[in-house]
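*Asks:* missing the sequence, but the structure's below:
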């Protein structure tokens, strides 16, 4: 009791002792606060060294139930991706005083990939009108299908159109397909049209090929030049097949006399973005959107959509530096 009285009556002597006691009391709390940081570092290192899951080859016959659920037949890409195109032939879209053909910028696409762990990945890019967008989104949510991007591909278009990237992963591909069908049923997406026998376009395609350094292809009256990233791209632990969610595409719609409207999309890593934007503007292209398509991709990819109108070959030559600024290879 006497000692306590002496300490209270002499604050100059008691203060150092109180500071020592306070520091001793805080030591366990400080040690506890540091522990989560060490655990987080360990978890991060574990994530980087996680075992990746590879895609496995499949055939059209493996996806018959999915095709039936979607109500449309698809095709195989690189023996790894079951791909279904759903172009919006029902829409009459105009941008920059040009009537946009479905294959230029109005094509919905969804792909299914089987993995070594027996799971299935769904990824796609879907065209919806502004009036359809919320209902389409609600249907996706009801069926456990996520959205990874909502954006535009065109400038000042009428009617208002949006592009939604969809993402699903699970053990039941048929459930994913049924969920997609329920969402598409809330839009005006039409059934497929018969394939057009016409396989030529009013453009100097050889000149475009030489200018861009890739052999293009014709899709419903649109000439398409496509590149894929050289790197291995992952979505969480899943290795993405080349080109799935990582393509650069230059779509040419003939306008007559060798002229074309180009709707393009460049896939980039962060260090490439500014060089590509500068190259596109130097080529006379108009920038539309800069965004991500995925949420957990590595390396992190960015995409820029652009629009250009002019002589097809001259534009292709002008756009070549944008291609050269990225780590891509041609897709023939």
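*Replies:* Happy to help now that I have it. In this text, all values refer to a predicted model and were calculated from it rather than measured experimentally.
*Asks:* now residue 118, what's its secondary structure?
*Replies:* coil (DSSP: H, G, I helix; E, B strand; the rest coil).
*Asks:* tell me the contacts of it?
*Replies:* For residue 118, the residues meeting the contact criterion (C-beta atoms under 8 Å, 6 or more residues apart in numbering) are residue 171. For every residue, glycine as well, the C-beta is placed using N, CA and C.
*Asks:* can you check residue 116 too?
*Replies:* If you count contacts by C-beta under 8 Å, 6+ apart, then residue 116 has 53-56 around it.
*Asks:* now it: how far from residue 245?
*Replies:* Computed as C-beta to C-beta, to the nearest Å, the residue 116 to residue 245 distance reads 19 Å.
*Asks:* any chance of the contacts of residue 116 in a markdown table, plus distance to residue 146?
*Replies:* Rendered in a markdown table, the data for the contacts of residue 116 read as follows (distance: C-beta to C-beta, whole Å):
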| residue | distance to residue 146 |
| --- | --- |
| 53 | 18 |
| 54 | 22 |
| 55 | 19 |
| 56 | 23 |
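*Asks:* Got phi/psi on the residue nearest the centre of the chain?
*Replies:* Using C-alpha atoms, centre = their mean, the residue of the chain that lies closest to the mean C-alpha position is residue 293, 2.5 Å off. Comment: the main-chain dihedrals of residue 293 come out as phi -100, psi -30, following degrees, to the nearest 10.
*Asks:* all strands for the stretch 51-200 of the chain, in order.
*Replies:* According to DSSP state E, counting those that start in this stretch, the stretch 51-200 of the chain carries its strands in the segments 75-77, 81-87, 93-95, 98-100, 107-114, 120-129, 146-151, 157-158, 161-170.
*Asks:* where does the stretch 151-300 of the chain have low pLDDT?
*Replies:* For the stretch 151-300 of the chain, residues meeting the criterion pLDDT under 70 lie at 196-198.
*Asks:* Excluding chain neighbours, what is closest to residue 207?
*Replies:* Using C-beta to C-beta, 6 or more residues apart in numbering and skipping the chain neighbours, the partner closest in space to residue 207 is residue 313 (3.9 Å).
*Asks:* cool, residue 187 as well?
*Replies:* The shortest distance from residue 187 to any non-neighbouring residue, by C-beta to C-beta, 6+ apart, is to residue 132 (4.5 Å).
*Asks:* ok, now which ones touch that neighbour?
*Replies:* With contact set as C-beta under 8 Å, 6+ apart, residue 132 has these partners: 186-188.
*Asks:* just residue 140 next, same as before
*Replies:* Each residue near residue 140 by C-beta under 8 Å, 6+ apart is listed here: 146-147, 166, 179, 183.
*Asks:* Now find how far off-centre stretch 168-185 is within its chain.
*Replies:* When C-alpha coordinates are averaged (C-alpha atoms, centre = their mean, to the nearest Å), stretch 168-185 and its chain have centres 18 Å apart.
*Asks:* And the contacts of it?
*Replies:* Residues lying outside stretch 168-185 but in contact with it, judged by C-beta under 8 Å, 6+ apart, are 63, 65-66, 69-71, 86, 110, 112, 114, 118-122, 124, 126, 136, 139-140, 142-146, 166, 236, 238.
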